[in-house]
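Visitor: predicted structure and sequence below. I'll ask about it afterward.
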Amino acid sequence: MRITAYPARVVHTMNPSQPHGECLAVADGRVLGVGPLDEIRRFGQVEIDERYADKVLVPGFVEGHSHALEGYVWDHLYLGYFDKLDPDGKRWEGLKTPDAIRERLAAHIHDGPADKPLIAWGFDPVYFEGERIDKRLLDSVSSERPIIIMHASLHVMTVNSAVIRQAALADKDVEGLIRGPDGLPNGELQEIPAMHLVFDAMNFDLFSDASTVRALNRYAQAARREGITTIVDLLNPMDETAITALREATGQDDYPVRLFPALNALAWDPQQGGEQVRAAMAHNHDRLQFGIVKLVTDGAIQNFTARLLWPGYLDGPENGVWNAPPQTFHDMVQHYHQAGLQMHIHTNGDEAVGMILDALDEALALWPRADHRHTLQHVQLIRQDQLRRVARLGACLNIFANHIYYWGDIHRTRTLGFDRCQRLEPTASADRMGIPFGIHCDAPVTPLSPLFTAWCATTRQTASGVVLGEAEKISRARALEAITLGAAYTLRMDHRIGSLEPGKLADVTVLDEDPLETETPLKDIRVHATLLSGRPTSNPGT
Ligand SMILES: [Zn+2]
């Protein structure tokens, strides 16, 4: 047995029996043990690797909800409100006014092939007071070349008149196709069925277009930089093109992350979807794991498309938009549960949470299943009684901690009001009730960075510096657990990753500072390196 020992300033293991140590020993890609070097030597000849001697080792970060789109959207124009880093680490300045958006669009209006639409992303109109931005702003840039702008949430798009003409939107009647006072489409399309009118007519689909080795490599590159060793692509088309690209990318010897793609259930008939996942699972290996099914019920609060219970939105429409009739989700939950698969279910508003809890309740009554680990994703507005139901049903949560920073101010003043903002992303309540939970970024919706996500869960600060929900803060130790073992548990992988215990895969994140000791905000701690199966990683394909 070849043993490599990595002495470190400290190793935090997330193993309660042996929480900290001074040296990590690795053999055959697995953790041999954490402890004093002298004790490790009892196993035999040890090769000592001093490169992390002054660093801090923690279990590799697990990002339980992001999208491979992160590796692809940067091929298109960024129009977001906040500064953001692309996979190469280049900073793109956030745009703070509609005029700034118009200028960036105009500067790039001739980008790419002229016969293709100009595609941009990251747009967040809720930040602009006054009249909602629609096709008129885009038409002022060009009414000839089709322009398609994805909103930051990826749940809404705005298009110009050229797209409205080419997709014949004026003749269509789909929920979420928004019309102006003149009865004509105003360019805004809310949620997946409405957006598909444009995807289909213009022959593109962002999520499918991310199914290339290049995009998957750039996704992994961005993840690696932020200390991630396992990542979930939580909405994959999982058609043959996607599966081929996933197999090819993760088959590279230097692919630096374990990738978990989840089937986009809305694109499949449940019978065929279940069969597709089962067939794909035959390709599973250490760096690629199929098996999760993703359902997207409602929209996003900042788009006013999440489904809310009374009193609904503070300053917006009465309620949000379902991505399919609730009965469809009910049937899907029953089908995939009965088929023995694990579901991860997007629920933003409290009405959506309640609808899914009803469906899970019934499915579990009909087909009891121990340890199903169905996971509700985002659950931003989940109520205390709903949390108790989650605990009773044995479900898990993956909580959208980053949301407080990016949209907390908007939720207080525009969408929800003071009281409901205190309960957004209730990590402390989930913890108190013993519900297994992770926290996530939903990249490219917000930036990929588990340490930033952990900082959000511990500080609950909005972009303007206001604290929302003091009582829902969690400690640094609990946040660190949420981005490692907690997220691993929601993937049914806590026996292999998420902590540094003998026999588990030696996936490690190397930090410059000790997150449990330093005064430095978690978000500002630098990731020095990652190890996958005990080997230092590099960017794939380089
Ligand atoms: Zn998502």
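Guide: Happy to help now that I have it.

Visitor: helices along the stretch 101-250 of the chain, start to end?
Guide: Defined through DSSP state H, counting those that start in this stretch, the helices belonging to the stretch 101-250 of the chain, from first to last, are 135-141, 161-166, 191-202, 206-209, 213-225, 240-250.

Visitor: which one, of these, ends up nearest to residue 450?
Guide: Distances from residue 450 to each of those were compared using CB to CB; the minimum, 9.5 Å, belongs to helix 213-225. In short, each C-beta sits where N, CA and C put it, glycine included.

Visitor: residues touching residue 56, list them.
Guide: Taking CB atoms under 8 Å, 6 or more residues apart in numbering as the contact definition, residue 56 lies against 8-12, 510-515.

Visitor: related to what we said a few turns ago, any idea which of the helices of the stretch 101-250 of the chain is most buried?
Guide: The densest packing among these, expressed as mean neighbour count by mean count of other CB atoms under 10 Å, is seen in helix 213-225 with a mean of 24.

Visitor: now the end-to-end length of stretch 442-453.
Guide: 10 Å (CA to CA, to the nearest Å).

Visitor: residue 34: neighbour count?
Guide: Using other CB atoms under 10 Å as the criterion, residue 34 is surrounded by 26 other residues.

Visitor: roughly how far apart are residue 281 and residue 492?
Guide: Residue 281 sits 12 Å away from residue 492, going by CB to CB, to the nearest Å.

Visitor: now residue 529, what's its secondary structure?
Guide: Applying DSSP: H, G, I helix; E, B strand; the rest coil to residue 529 yields a three-state assignment of strand.

Visitor: who's in contact with it?
Guide: 52, 509-510, 536-537.

Visitor: ok, longest helix in the chain?
Guide: helix 350-366 (DSSP state H).

Visitor: mind listing the helices for the stretch 301-450 of the chain?
Guide: Listed from the start of the chain, the stretch 301-450 of the chain has helices (DSSP H, counting those that start in this stretch) covering 326-338, 350-366, 384-393, 402-410, 418-422, 427-432, 450-459.

Visitor: elements contacting the fourth one?
Guide: Looking back up the chat, that one is helix 402-410. helix 450-459 (3 or more CB pairs under 8 Å, 6 or more residues apart in numbering; DSSP states H and E).

Visitor: for the following helix or strand past the helix it packs on, which outside residues touch it?
Guide: On the C-terminal side of helix 450-459, the closest following helix or strand by DSSP states H and E is helix 476-481. Defining contact as CB under 8 Å, 6+ apart, one finds that helix 476-481 is touched by 12, 14, 58, 427, 431, 439, 454-455, 457-458, 515-516, 522.

Visitor: where in the protein is pLDDT low?
Guide: Low-confidence segments of the chain, defined by pLDDT under 70, span residues 542.

Visitor: mind redoing it with 80?
Guide: Confidence mapping of the chain against pLDDT under 80 gives the ranges 130-132, 207, 542.

Visitor: one step back: only the buried subset of the contacts of residue 529, as a ChimeraX command please.
Guide: Of the contacts of residue 529, the buried ones can be selected in ChimeraX as follows, counting by 16 or more other CB atoms under 10 Å:
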select :52,509,510,537
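
Visitor: now intersect the contacts of residue 529 with the strands, please.
Guide: 509-510, 536 (DSSP state E).

Visitor: turn these into CSV, columns for distance to residue 87.
Guide: Listed next are the ones in strands among the contacts of residue 529 as CSV, based on distance: CB to CB, whole Å:
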residue, distance to residue 87
509, 18
510, 20
536, 19
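
Visitor: return the closest of those with respect to residue 482.
Guide: Closest approach to residue 482 among these (CB to CB): residue 509, at 14.2 Å.

Visitor: test my guess that the closest one contacts residue 526.
Guide: No. Taking CB atoms under 8 Å as the definition, residue 509 is not a contact partner of residue 526, at 11.1 Å.

Visitor: just to revisit the earlier point, please identify the most buried of the helices of the stretch 301-450 of the chain.
Guide: For the helices of the stretch 301-450 of the chain, the largest average neighbour count (mean count of other CB under 10 Å) is found in helix 450-459, namely a mean of 25.

Visitor: orientation of that helix relative to helix 213-225 in degrees?
Guide: Angular relation of helix 450-459 and helix 213-225 on a 0 to 180 degree scale: 50 degrees, by axes from the mean of the first three to the mean of the last three CA atoms, to 10 degrees.

Visitor: by contact count, what packs against helix 450-459?
Guide: Under the contact criterion of 3+ CB pairs under 8 Å, 6+ apart, helix 450-459 touches strand 61-66, helix 402-410, strand 437-439, helix 476-481.

Visitor: with distance to residue 330 as extra columns, can I get those in TSV?
Guide: Converted to TSV, the helices and strands packed on helix 450-459 look like this (distance: least, CB to CB, whole Å):
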stretch	distance to residue 330
strand 61-66	23
helix 402-410	27
strand 437-439	24
helix 476-481	33
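
Visitor: mind checking which of the ones you listed is nearest residue 361?
Guide: Across the helices and strands packed on helix 450-459, residue 361 has its closest neighbour in strand 437-439 (19.6 Å, CB to CB).
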